[in-house]
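Novice: fold the following and give me the result.
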Amino acid sequence: MEQNAELADFLRTRRARLTPAEAGLPPGIGARRVPGLRREEVAQLAGVSTDYYTRLEQGRHPNVSEAVLDSVARALRLDDDERAHLFDLARTRTARPRGRPQPVQRVRPEVHRMLDVLNSVSPAFVTNHRGDVLAANQLAKALITDWQAKPYRERGFARFVLFDPAARELYRNWNEVAEIVVANLRLEAGRHPDDALLNELIGEAVVKVPEFSTWWDSHRVAQCAHGTQHFHHPVVGELTLNHETLALPADPDQTICVYIAEPGTASAQALALLASWSAPDAVRGDGASQADRPGTAIHPE
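Specialist: The predicted structure follows:
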């Protein structure tokens with residue numbers, strides 16, 4: 001979808017969810033034909049003319065100022081992620097070469113060592129903006145999936161959650177996990193509108209995931225920054241883990257996701273059991289050795 005249409009739809013959905021009372025406005029006179037705020041009410045709150053805001057919402061105002069975007073963001077009560085998304089969608093798009101191959105991303109040796117150190121206590125993996133898994137420690141692969149064993153193009157966290165039937169069995173709160181994954185894809189699509197692989201992933205999800213279109217059309221945007229996930233693991237059973245996603249400042253398009261169990265809980269015991277089971281020198285019940293080195297790179301360098 002073109003960027004101006006994305007902007008129009010985003011503004012309409014944010015306007016529709018906000019009532020006059022929530023915005024500090026009187027209810028007005030007569031029946032309301034639209035859910036949420038009217039365009040003239042948003043314009044009033046933002047301090048711009050109704051015609052100006054209408055052209056902005058219709059994608060017919062290519063050079064909107066940051067001051068106006070700030071005012072609109074405040075009027076619509078946007079959170080930080082939504083405000084960033086608004087700026088991404090409204091920014092003037094410069095000519096960019098299309099079809100250029102994506103550069104190979106490499107995970108630094110220091111980050112690999114970090115994954116190794118975490119391996120005995122915390123599942124951890126590194127992703128880029130598309131959710132491609134660039135590296136993972138053995139415990140992460142034992143908890144979620146062995147990305148390295150998958151075909152190259154399928155080595156992604158978002159792809160696993162949305163497309164792999166095993167994900168619906170693994171996550172007790174699959175709908176919640178999948179919905180935040182979609183919200184993150186929507187956020188990244190605004191930042192990287194010309195990313196062919198990202199657009200391909202989104203198009204594939206429209207076809208393959210029945211719930212995807214409803215979530216996508218809601219225009220929810222959010223980072224997978226932190227949260228709680230409930231697992232039903234085939235080896236160690238039930239786990240409830242907190243996850244934190246940390247930026248790697250030296251690698252702007254890479255983040256590391258770390259899972260942590262509350263100390264002293266059954267989940268902590270189950271995670272310790274999984275760490276022991278998945279250790280490099282462990283032998284599973286079927287006699288197969290867990291020989292993969294922790295922190296193994298998922299994408300070839």
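
Novice: from here on, contacts and neighbour counts on C-alpha atoms
Specialist: Fine.

Novice: over to the closest residue to residue 245 other than its chain neighbours. Which of the three states is it?
Specialist: Of all residues not flanking residue 245 in the chain, residue 257 sits nearest, at 4.3 Å (Cα to Cα, 6 or more residues apart in numbering). At residue 257 the chain is in strand, as set by DSSP: H, G, I helix; E, B strand; the rest coil.

Novice: contacts only, for residue 257.
Specialist: 124, 125, 126, 127, 243, 244, 245, 246 (Cα atoms under 8 Å, 6 or more residues apart in numbering).

Novice: dump the residue contacts of residue 253.
Specialist: 128, 129.

Novice: re the thing from before, any idea how far residue 123 is from the residue nearest to residue 245?
Specialist: 8 Å (Cα to Cα, to the nearest Å).

Novice: what subset of the contacts of residue 257 is buried?
Specialist: 124, 125, 126, 127, 243, 245 (16 or more other Cα atoms under 10 Å).

Novice: show me which pair in the residues you listed is furthest apart.
Specialist: Within the buried ones among the contacts of residue 257, 127 and 243 form the most distant pair, 14.0 Å apart (Cα to Cα).

Novice: identify the farthest-apart pair in the contacts of residue 257.
Specialist: By the measure Cα to Cα, 127 and 243 form the most distant pair in the contacts of residue 257, at 14.0 Å.

Novice: related to what we said a few turns ago, so which of the contacts of residue 257 is the closest to residue 39?
Specialist: Checking these against residue 39 with Cα to Cα, the nearest one is residue 245 at 36.8 Å.

Novice: doesn't that closest one belong to a strand?
Specialist: Yes - according to three-state DSSP, residue 245 belongs to a strand.

Novice: and the pLDDT at it?
Specialist: Here the pLDDT value assigned to residue 245 is 94.

Novice: surely it meets residue 255?
Specialist: Yes - when contacts are counted by Cα atoms under 8 Å, residue 245 is listed as touching residue 255 (6.5 Å).

Novice: which stretches of the stretch 1-150 of the chain form strands?
Specialist: Remark: strands assigned in the stretch 1-150 of the chain by DSSP state E, counting those that start in this stretch are 124-127, 133-136.

Novice: which parts of stretch 6-14 are buried?
Specialist: For stretch 6-14, by 16+ other Cα under 10 Å, it's 6, 7, 8, 9, 10, 11, 12, 13, 14.

Novice: let me see the contact set for the last one.
Specialist: When contacts are counted by Cα under 8 Å, 6+ apart, residue 14 touches 76, 78.

Novice: where's it relative to residue 236, distance?
Specialist: From residue 14 across to residue 236, the span is 42 Å (Cα to Cα).

Novice: the third one now?
Specialist: Residue 8 sits at a distance of 47 Å from residue 236 (criterion: Cα to Cα).
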